[in-house]
Each structure stands twice: as structure tokens, then as C-alpha cells.
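A.B. asks: sequence first, predicted coordinates after that:
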Amino acid sequence: MRHLPIGILCIAVLAGILVLGLWPFHAPRNEVTWLPDHNGLRFGDYGTVISSGAFNGTGSREAAPCSVELWLQPANDYGGTILTFYASDNQVHLSLHQSLTDLMLESGRSGSPGRAREQRIYFSDVFRQGRPVFVTITLGEQATLAYVNGALARAARRFQLAPGDCTGRLIVGDSPRQQDTWSGQVRGLAVYSSELTAPTVLRHYGTWMKMGRPDIGELDRAAALYLFDERAGDIVHSRAGPGVDLFIPGTYTVLDEIFLEPFWDEFNMSWSYWTNILKNIVGFVPLGFCFCAYFVLVRRTNRAGLVTVMLGFAVSLTIEVFQAFLPTRDSGTTDLITNTLGAWVGVMLYNVARAQWELHQRIEKADQGLDLAL
């Protein structure tokens, strides 16, 4: 009975780790709602819209020009993935992101086996005014151009057009493989299988603002046009012929969530990455300390430290496997390494504490023996 508190403490530590690692245990409601006063959708903390089918482009292996028009208003400066063209069998994933007040265009490409080479460009202060902004991105053979409210903001000649750009399923408001939600309003979206010229971009911007839809010519080759004028329901219809419609799921969904992402793909130099590393190590220190004490004092297990570290790895693996089925969590191998390291640190701290306690006991016994001798 004297060791009962150790067992209870171990259960409490394990339960706390499981709750922190798996909460909220289910997919939350998809926070995408229709705007009440004008056409558009509002994206909350966990919101996504997914196309019902894929954009196939020209079907050629050659790079084909394309353009995207987007009328939007961010809710904050936190950022996130605004939209992505994604196909699971295609290494090229073209995506638009908000990074504080900047707009970022990114394209992931296959590099060496198992690795991805990315190219990205930033368009500064696109969202600095906190008001609705109309963005046009044109990808051509010579350059990638970004227009803000009809005016050219930047020309990027080093951002190379690649086969697969503007093809695949379209995800709006989130990343296709792990949670990276964007909050704000989307009032219009159009995709073109051509590189829009500067006069065309300006004309489209003017008609979007005046009439709520662009004046599309036959040479523009509109692949999809979303006016978000349904005001209800879970389908956003394409107004450009038999285009691809958008679907609003009832629960928040990540289209193709990653299972145990390799640590070399997760690695980056951001402050949040290293903060999470530290949290994952510290979070498993109590498990290592308490269970090592349990295996030493209660179970009297041989090689208690090794058993405890293996238990820490098993608990972390269980959490990461279940996280692959929770859209609000990320499943990766970095956490396996850092959690196991944290359990090992807990074992080391217990061994140090136990050695100090045993030393203190020997000193007390020696003092008592000296008193009796005197």
C-alpha cells in the first residue's frame, strides 16, 4: 500500500499526456459559413472547402500557363494556406498562403528520392490595409506575375512554371496534407487555363468590383468561376460552363492527411518548430520519472530505465498513429524522437534523485552509528 501513490501518479501522468496529445478526440465542425450581407464565405479557425473533382489542365506533360483570381479579406495576421491545387500522384502542389501581411506563392517539386524541393516567392504588404483585396496570379513561360487590385505588384522570373501547376483538386482555406487553416472571407474565385494579360487583369478587376463577376472573354479560357452567390447549402457552383464545383464538408476535414511524416521533412528553422521540440521533450519527462520509480520500487523490474524509455516510445507511437486520424493534429516522427528523449531525461533525473536520496540515507545512518559509539 505504501507504493499506491506512485501507481496513481503514473496513471495521472499517462492520462494527462494522452489528453494533451489527442484532444479534442474528434473532428470539429467545419467553420465555413455564408456571408449574411453579400456574396461570399467566411472561414473560421477550422474551415475548408474542397472541389468535387480535379482540374486536369491540358492533360499534357508540358507546363501550361494558368491564372488565378481571388477576392478575399483576411480575418487576422496569423496567416495560413489560402488555396492549393493538389493531386496525390503529382509531386507539384501549387499553393497560395498568407504570411502575416504578405502573400506567398509556393510550388513543391520532386527532388532527390524522398525529398521535396520547394520554390516560393513573397509579395509584400498585400494584406496591410485589413480590407478586401483582389489578387491575380498569372503563371507563364517567361515569368510569374502578381497583381493587386488590378495593378502589377511584382514580376518573378525565377519562379518557374512546371507541369502540374493549376491541376488537381482545389482546396480553399487549408492545406491538403496537414492542418494549416486560414481565417477570413472569400468573395470570388476564378481559375483560367491561360496567362491573363495586364489589360485583361485590369478589366476583370473593374467588372468584379462593379458587377460582382468578371467580364470573361473567350480567349481567357475560364476553367472555373465561383461567385459564391448561392447564400445557402453546401455546394458552390462553377459559373463557367460545366466546371468543377466546390463542396463544403459538414465536419473539418484534411483531404489527404500525412501518416508519420519523416522528421527530415518536418524540420525547419522556425521559432515555433524549436518551441514544439522543447515542449515535446519536457512533456514526457514526468512519464520517465514516475514510471521509472514505479518499475524500480513497485514492480522491481530489471533494467527499469530501458523499460521506461520503451514505454515512452510506445505511448508516443500510439499518440502519433491516432493523430493521423484527427484533422486538427499532425502525425510525425519528430515527436517520436523528442518524446522518447523526454522519457529518457525523466529516467536520468530519477536516477540522480534516487542516488542523492540513497547518499542522504547512508549519511544519516553513519551519523546515527557515530552517535551510538559516542
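C.D. replies: Looks like it arrived, so ask away. Residues are numbered from 1 along each chain as shown.
A.B. asks: what does the helix or strand of the chain with the lowest mean pLDDT rub up against?
C.D. replies: For the chain, the helix or strand with the lowest mean confidence is strand 116-123, at a mean of 76 (criterion: mean pLDDT, DSSP states H and E). Under the contact criterion C-beta atoms under 8 Å, 6 or more residues apart in numbering, strand 116-123 has outside partners 91, 99, 102-111, 144, 146, 148, 153-154, 156, 158-160, 265. Any C-beta I mention is one placed from the backbone N, CA and C, and that applies to glycine too.
A.B. asks: what's the answer for stretch 349-369, then?
C.D. replies: 285, 288-289, 292-293, 296, 305.
A.B. asks: low-confidence ranges, the stretch 151-300 of the chain, go.
C.D. replies: 163 (pLDDT under 70).
A.B. asks: skipping adjacent residues, who's closest to Leu145 in space?
C.D. replies: Closest residue in space to Leu145, ignoring its immediate chain neighbours: Thr138 at 4.7 Å, by C-beta to C-beta, 6 or more residues apart in numbering.
A.B. asks: report the beta-bridge partner residues of that neighbour.
C.D. replies: Ser67, Leu145 (DSSP bridges).
A.B. asks: so who does it touch?
C.D. replies: 65-67, 144-145, 147, 195-196, 201.
A.B. asks: just the closest of these to Gly16, please.
C.D. replies: Thr144 (48.1 Å; C-beta to C-beta).
A.B. asks: which strand or helix spans the residue lying closest to the closest one once chain neighbours are set aside?
C.D. replies: Nearest non-adjacent residue to Thr144, counting by C-beta to C-beta, 6+ apart: Phe159, 4.2 Å away. Phe159 belongs to no helix or strand when elements are defined using DSSP states H and E.
A.B. asks: tell me the domain ranges of the chain?
C.D. replies: Domain segmentation of the chain under automatic domain parsing yields 4-24+261-373, 32-247.
A.B. asks: let's have those in TSV, adding distance to Leu255.
C.D. replies: TSV is the format used below for the domains of the chain (distance: least, C-beta to C-beta, whole Å):
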stretch	distance to Leu255
domain 4-24+261-373	9
domain 32-247	4
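A.B. asks: helices of the chain, start to end?
C.D. replies: For the chain, applying DSSP state H gives helices covering 4-22, 198-211, 263-266, 271-297, 304-323, 333-373.
A.B. asks: closest one to Gly217 among the ones you listed?
C.D. replies: helix 198-211 (7.3 Å).
A.B. asks: which strands and helices sit next to that closest one?
C.D. replies: strand 66-74, strand 133-139, strand 144-148 (3 or more C-beta pairs under 8 Å, 6 or more residues apart in numbering; DSSP states H and E).
A.B. asks: what residues sit buried inside that helix?
C.D. replies: Within helix 198-211, the residues that count as buried by 16 or more other C-beta atoms under 10 Å are 200-205, 208.
A.B. asks: kindly report the same for stretch 262-270.
C.D. replies: Glu266.
A.B. asks: what about that stretch, how long is it end to end?
C.D. replies: 17 Å (C-alpha to C-alpha, to the nearest Å).
A.B. asks: report the distance from it to the chain centre.
C.D. replies: Centroid displacement of stretch 262-270 relative to its chain, using C-alpha atoms, centre = their mean, to the nearest Å, is 13 Å.
A.B. asks: swap in stretch 204-220?
C.D. replies: Worked out by C-alpha atoms, centre = their mean, stretch 204-220 lies 33 Å from the chain centre.
A.B. asks: run through who's touching that stretch.
C.D. replies: 39, 69, 71, 134, 136, 147, 149-150, 188, 190, 192, 194, 196, 200, 203, 222, 225, 227, 229, 239-240.
A.B. asks: try it again at 6 Å.
C.D. replies: Stretch 204-220 has contacts (C-beta atoms under 6 Å, 6 or more residues apart in numbering) with 134, 150, 188, 192, 203, 222, 227.
A.B. asks: same check on stretch 282-293?
C.D. replies: 6, 9-10, 13, 304-305, 308, 311-312, 339, 342-343, 345-347, 349-350.
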